[in-house]
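Novice: predicted model and sequence below, questions to follow.
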Amino acid sequence: MSGNVLALGADIKNRFLFSKGRKLFLGPCLSDLSFSENYETLRKEVSEAVRSSRPDIVACDLHPGYFSTRLAGELCRAGDEPVRVQHHHAHIASVMFEHGLKGPVLGVSFDGTGYGTDGNMWGGEFLAADRKGFKRTARLKYWKMPGGDKVVPEPWRMVLSILGEKGSVFLEGVPARDRELVLAMLRAGVNSPLTSSAGRLFDAAAALLGFCLYARAEAEGPVKLELASDKNAKGSYGFSVSSEEGCDVVDTGRVFSGMASDLKKGVRKERIAAKFHNTMSDIIVKTAVRSSKGTGISRVALSGGVFQNGLLTRKVTEGLSDAGLEVFTNRDSVTNDLNIALGQYYVSSGTREG
């Protein structure tokens, strides 16, 4: 890999990377760049890192509204443009770099959000990927996010998105007026962007079970969901698969209708939480196996914040291995957005090689 590369990472969890030849320098871990103090810290640290060696390549996220994307445009050499790397491709590329993988892999990238090539918010992706590009082989079904980013601190909104009015009965801890407002928003399609995010499904599952209607900390609901799960419980919920333009689409609606049915029957919440995890594992394993057969790729890379869930990752790794697939995960970097810059570096330097 020749030349100096500056990869600016993501926005919510930021860590930039600067390479000088084969030496890699990582910047500090920063939180949301929409806070001015964090953005100014990033600018200062980047300026110091590139003081003696101006980057030949500047890489950033595909999201046009990211602060890191804006900074990338400012730091390019005159006449150059930054290399924009799709968020989930970067996640998978970070695993590829750590394991020295240049050839194609089947990437499973599950997280909270990332800007997709179709303008929607991705986060439940199956990608046939190499260093230079990717093809989306499968994804989770799109659901509306009523209120946009408000679904993150108020995950109960996703319950209504998925179950509609039938979900309202499980949300007694939410004021009726708020529930009705969100339902009206969904019916009208107002301020309700689409997402394929697996992270939003974990949020919704935790809210449906009453573990976390309002999140006070990052991933509060998913963490409580994992901790509550009966690790020995068997069983799972159904899901269906369709095809759109050569891409498999996994409909997760039956997962939540099954959970709601179990709640009405009085099934223990710990068992329902376990069945949810079992189902998400089934979805990943079965969809990855299907994509593997369609592409001929037998190496699978797992990355994205959802795989911080140890219960899910263990089940998925075991299932994929049992199916004869070789599994790779982040080993030197964390699996959340702090690995995005590493993936951007690997992709952007690959685009300049023959």
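Specialist: Yes, it's here.
Novice: give me phi/psi at the closest residue to L209 other than its chain neighbours?
Specialist: Leaving aside its sequence neighbours, L209 sits nearest to K269 (C-beta to C-beta, 6 or more residues apart in numbering; 4.9 Å). Quick note: C-beta positions are derived from backbone N, CA and C, even for glycine. Note on K269: its backbone torsions stand at phi -60, psi -30 [degrees, to the nearest 10].
Novice: what about K269, how many neighbours?
Specialist: If you count neighbours by other C-beta atoms under 10 Å, K269 ends up with 18.
Novice: got the contact list for it?
Specialist: K269 is in contact with 209-211, 228, 263, counting by C-beta atoms under 8 Å, 6 or more residues apart in numbering.
Novice: one more time with 10 Å, if that's ok
Specialist: By C-beta atoms under 10 Å, 6 or more residues apart in numbering, K269 lies in contact with 208-211, 225, 228-230, 259, 262-263.
Novice: that one and A72: what is the separation?
Specialist: 45 Å (C-beta to C-beta, to the nearest Å).
Novice: who does the closest residue to T295 other than its chain neighbours form a beta bridge with?
Specialist: Excluding the flanking residues, the one nearest T295 by C-beta to C-beta, 6+ apart is A128, at 4.8 Å. Beta-bridge pairing for A128 (DSSP bridges): L106, K135.
Novice: I'd say A128 and G246 touch.
Specialist: No - A128 is not in contact with G246 according to C-beta atoms under 10 Å; the separation is 11.2 Å.
Novice: need the overlap of contacts for these two.
Specialist: Joint contacts of A128 and G246 (C-beta under 10 Å, 6+ apart) are 135-138, 294.
Novice: tell me the one of those nearest L62?
Specialist: Closest approach to L62 among the shared contacts of A128 and G246 (C-beta to C-beta): R136, at 13.4 Å.
Novice: nearest residue to that closest one other than its sequence neighbours?
Specialist: Closest residue to R136 apart from its sequence neighbours, by C-beta to C-beta, 6+ apart: C247 at 5.4 Å.
Novice: for beta bridges, what are the partners of the one you found?
Specialist: Beta-bridge partners recorded for C247 (DSSP bridges): E244.
Novice: G114 now?
Specialist: Applying DSSP bridges, one finds that G114 bridges with W122.
Novice: quick one, grab the pLDDT at it.
Specialist: Looking at G114, its pLDDT stands at 97.
Novice: neighbours of it, how many?
Specialist: The burial count assigned to G114 is 27, neighbours taken as other C-beta under 10 Å.
Novice: verify the stated contact: it with H87.
Specialist: Yes - using C-beta under 10 Å, G114 makes contact with H87 at a distance of 3.0 Å.
Novice: overlap of the contact sets of these two?
Specialist: Here G114 and H87 have 10, 61-63, 121-123, 125, 304, 337, 340 as joint contacts, going by C-beta under 10 Å, 6+ apart.
Novice: compare those and tell me which is most surrounded.
Specialist: Within the shared contacts of G114 and H87, neighbour counts (other C-beta under 10 Å) peak at I340, which reaches 35 neighbours.
Novice: ok, and the closest non-adjacent residue to that residue?
Specialist: Spatial nearest neighbour of I340, chain neighbours left out: A10 (4.4 Å); criterion: C-beta to C-beta, 6+ apart.
Novice: quick one on the thing from earlier: select only the buried ones of the shared contacts of A128 and G246 in ChimeraX?
Specialist: Only the buried entries of these go into this ChimeraX selection, using 16 or more other C-beta atoms under 10 Å:
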select :136,137,138
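Novice: name the residues that touch stretch 239-254?
Specialist: Stretch 239-254 has contacts (C-beta under 10 Å, 6+ apart) with 124-126, 135-143, 162-163, 196, 198, 201, 204-205, 237-238, 255, 258, 261, 279-280, 282-284, 286-287, 290-291, 294.
Novice: for the protein, which segments are assigned as strands?
Specialist: For the chain, the strands defined by DSSP state E cover 5-7, 17-20, 23-26, 57-61, 83-85, 105-115, 121-129, 134-140, 143-144, 194-195, 240-244, 247-251, 299-303, 326-329.
Novice: roughly how far apart are P222 and D332?
Specialist: In this view, P222 and D332 are 24 Å apart by C-beta to C-beta.
Novice: one more: L227?
Specialist: Using C-beta to C-beta, one obtains 27 Å as the distance from L227 to D332.
Novice: would you map out the domains in the protein?
Specialist: As given by automatic domain parsing, the domain ranges for the chain are 5-102+333-351, 140-329.
Novice: buried ones in stretch 35-47?
Specialist: Neighbour-count burial for stretch 35-47 [16+ other C-beta under 10 Å]: 38-39, 41-42, 45-46.
Novice: pLDDT averaged over that stretch - what is it?
Specialist: Mean per-residue pLDDT for stretch 35-47: 97.
Novice: not counting sequence-adjacent ones, nearest residue to C60?
Specialist: Nearest residue to C60, sequence neighbours excluded (C-beta to C-beta, 6+ apart): A72, at 3.6 Å.
Novice: pretty sure the one you found sits against Y66.
Specialist: Yes - look at A72 against Y66 with C-beta under 10 Å: they come within range, at 8.7 Å.
Novice: what are the ranges of the helices in the stretch 151-300 of the chain?
Specialist: Assigned by DSSP state H, counting those that start in this stretch, the stretch 151-300 of the chain shows helices spanning 156-163, 176-188, 198-208, 220-228, 253-265, 269-295.
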